[in-house]
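Q: Take a look and give me a structure for this.
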Amino acid sequence: QVQLVESGGGLVQAGGSLRLSCAASGSGFSFNAMGWYRQAPGKQREVVAAITSGGSTNYADFVKGRFTISIDNAKNTVYLQMNSLKPEDTAVYYCNAVVRQAVRVYSHWGQGTQVTVSS
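A: Next comes the predicted model:
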């Protein structure tokens with residue numbers, strides 16, 4: 001069983017920065033990829049950024065140039081550095097991990113962390 005624990009959310013003024021962390025715990029797994037998603041009230045969950053175990057990254061257009069995803073494989077932790085935050089970035093941010101356990105691939109979700117950007 002893999003567990004994901006997010007931290008780093010909070011309230012920040014527009015133009016400010018936050019760094020989200022997602023630590024994975026468990027045994028007998030390896031990462032294929034990890035990512036951050038977000039869901040604002042009344043909207044569908046959307047992908048924000050993703051990173052493979054090899055370090056390849058992808059970003060949603062609305063965060064390119066502002067957010068950076070990184071991974072510390074030794075700590076099984078993925079980070080999302082969010083700069084130049086806008087009120088429209090307000091959402092619950094969820095960590096996702098695609099892991100391989102034995103011969104199967106599973107997707108795991110964290111519990112979410114609230115990010116609120118005030119104008």
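
Q: Sketch out the strands for the chain, chain order is fine.
A: Secondary structure of the chain (DSSP state E): strands at 3-7, 10-13, 18-25, 30-39, 46-52, 57-59, 67-72, 77-82, 91-101, 104-109, 113-118.

Q: Need the winner for burial among these.
A: Among the strands of the chain, the stretch with the highest mean neighbour count (mean count of other C-beta atoms under 10 Å) is strand 77-82, at a mean of 23. Heads up, the C-betas are built off the backbone N, CA and C, glycines and all.

Q: For it, which helices and strands make contact with it?
A: strand 18-25, strand 30-39, strand 46-52, strand 67-72, strand 91-101 (3 or more C-beta pairs under 8 Å, 6 or more residues apart in numbering; DSSP states H and E).

Q: Other residues contacting the last one?
A: Contacts of strand 91-101 with the rest of the structure, by C-beta atoms under 8 Å, 6 or more residues apart in numbering, involve 2, 4, 6, 9, 20, 22, 24, 28-40, 43, 45, 48, 78, 80, 105-115.

Q: Give me the residue at the spatial middle of the chain.
A: Centroid check for the chain by C-alpha atoms, centre = their mean gives W36 as the closest residue, at 2.6 Å.

Q: isn't that one right up against L18?
A: No: if you go by C-beta atoms under 8 Å, W36 and L18 don't touch, sitting 11.8 Å apart.

Q: re the thing from before, same list (the strands of the chain) but as CSV, adding mean pLDDT.
A: Below are these laid out as CSV (pLDDT from 0 to 100):
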stretch, mean pLDDT
strand 3-7, 94
strand 10-13, 98
strand 18-25, 95
strand 30-39, 94
strand 46-52, 97
strand 57-59, 97
strand 67-72, 95
strand 77-82, 96
strand 91-101, 95
strand 104-109, 94
strand 113-118, 98
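
Q: is Y106 in a bridge, and if so with what?
A: When bridges are taken as DSSP bridges, the partners of Y106 come out as V99.
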